[in-house]
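Colleague: any chance you can model this:
(chains A and B)
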Amino acid sequence: KQEVTQIPAALSVPEGENLVLNCSFTDSAIYNLQWFRQDPGKGLTSLLLIQSSQREQTSGRLNASLDKSSGRSTLYIAASQPGDSATYLCAARSSGNTPLVFGKGTRLSVIA
Amino acid sequence: GAVVSQHPSRVICKSGTSVKIECRSLDFQATTMFWYRQFPKQSLMLMATSNEGSKATYEQGVEKDKFLINHASLTLSTLTVTSAHPEDSSFYICSAAGQGFDEQFFGPGTRLTVL
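Modeller: Down below sits the predicted model:
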C-alpha cells in the first residue's frame, strides 16, 4: 500500500529565499504524483501534476521533480513571498485505478 | 481544470442528527468519486471510493452504515453522516475523476461541526 511522507513538517523562511520541500513515497510504481497547496480552513489548490513518464514540471516560480527509482519528489519554490505561506501537500497514485494518497504536509511560513 | 462543487460549505448540527453533503462535477462526467476526511492539522484520509451506479468501497476502519455514500448519477455523489457525534466533526472533501481517470479534481470541502 502506498505511503507518502513529507519532510519537514514545518518550515519558516525569510522572504526572497529559495526553498525545497521534500516528499517520499514507498511504492515506486506510481502512476502520477501531485502537489497541492492548502490555506487554513480551505480546500486544495492543485499546483503541479507529474506523470510517471515525466521527471519534472514547472509553473511560474514552482518546480516539481520526480525520481521514481529513489521514491522521491521535491517541490522547489523560487524567491519565496509571504503569500506562499500555506500547507503544501504531496499525493501519489499507485496505479491508474487507485486514488491519491496524501502525505501529512509541510506548513510553510514566509516571513516578510 | 474541471470544476467540482460541494454543498454546504459549512454545517453545524446537533449530536444524533444526520447530515447530507453533496458533491457535484459541474463540467464533466465523474465516473468515480472519492470522499476524504481531514482532521485539524492532519492530512487527508480516504474514506471511500464510489463508481456511478455501484456500491461504494470503504477504507478499513470507516463505518459504511454511519457514512452513507450514494453515487446515483455521473455528476452527483452524496455523503450522509448518520447519527452524527462530536467526534465526526471534521473537514470533508470530495474528489471526482472522469472516464480514463487521469486526474482527480477536488471540491472546496465541507466543514462539519457536531455539537
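
Colleague: for the closest residue to chain B within chain A, give me its contacts.
Modeller: Going by Cβ to the nearest Cβ, chain B is nearest to A:Gly43 of chain A, at 3.9 Å. Every C-beta, even on glycine, is put in place using the N, C-alpha and C of the backbone. If you count contacts by Cβ atoms under 8 Å, 6 or more residues apart in numbering or on different chains, A:Gly43 has them with B:93, B:106-109.

Colleague: any idea how far B:Trp35 is from chain A?
Modeller: As judged by Cβ to the nearest Cβ, to the nearest Å, B:Trp35 and chain A stand 10 Å apart.

Colleague: which parts of chain B sit against chain A?
Modeller: Applying Cβ under 8 Å from any Cβ of the partner chain, one finds that chain B approaches chain A through B:1, B:34, B:36, B:42-46, B:49, B:91, B:93, B:95, B:101-109, B:111.

Colleague: taking those one by one, which sit in strands?
Modeller: B:34, B:36, B:44-46, B:49, B:91, B:93, B:95, B:105-106, B:111 (DSSP state E).

Colleague: make JSON lines from these and add neighbour count and pLDDT to it.
Modeller: Formatted as JSON lines, these follow (neighbours: other Cβ atoms under 10 Å in any protein chain shown; pLDDT from 0 to 100):
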{"residue": "B:Phe34", "neighbour count": "24", "pLDDT": "96"}
{"residue": "B:Tyr36", "neighbour count": "25", "pLDDT": "97"}
{"residue": "B:Leu44", "neighbour count": "27", "pLDDT": "95"}
{"residue": "B:Met45", "neighbour count": "16", "pLDDT": "96"}
{"residue": "B:Leu46", "neighbour count": "19", "pLDDT": "96"}
{"residue": "B:Thr49", "neighbour count": "21", "pLDDT": "94"}
{"residue": "B:Phe91", "neighbour count": "20", "pLDDT": "97"}
{"residue": "B:Ile93", "neighbour count": "24", "pLDDT": "97"}
{"residue": "B:Ser95", "neighbour count": "25", "pLDDT": "95"}
{"residue": "B:Phe105", "neighbour count": "20", "pLDDT": "93"}
{"residue": "B:Phe106", "neighbour count": "24", "pLDDT": "95"}
{"residue": "B:Arg111", "neighbour count": "16", "pLDDT": "97"}
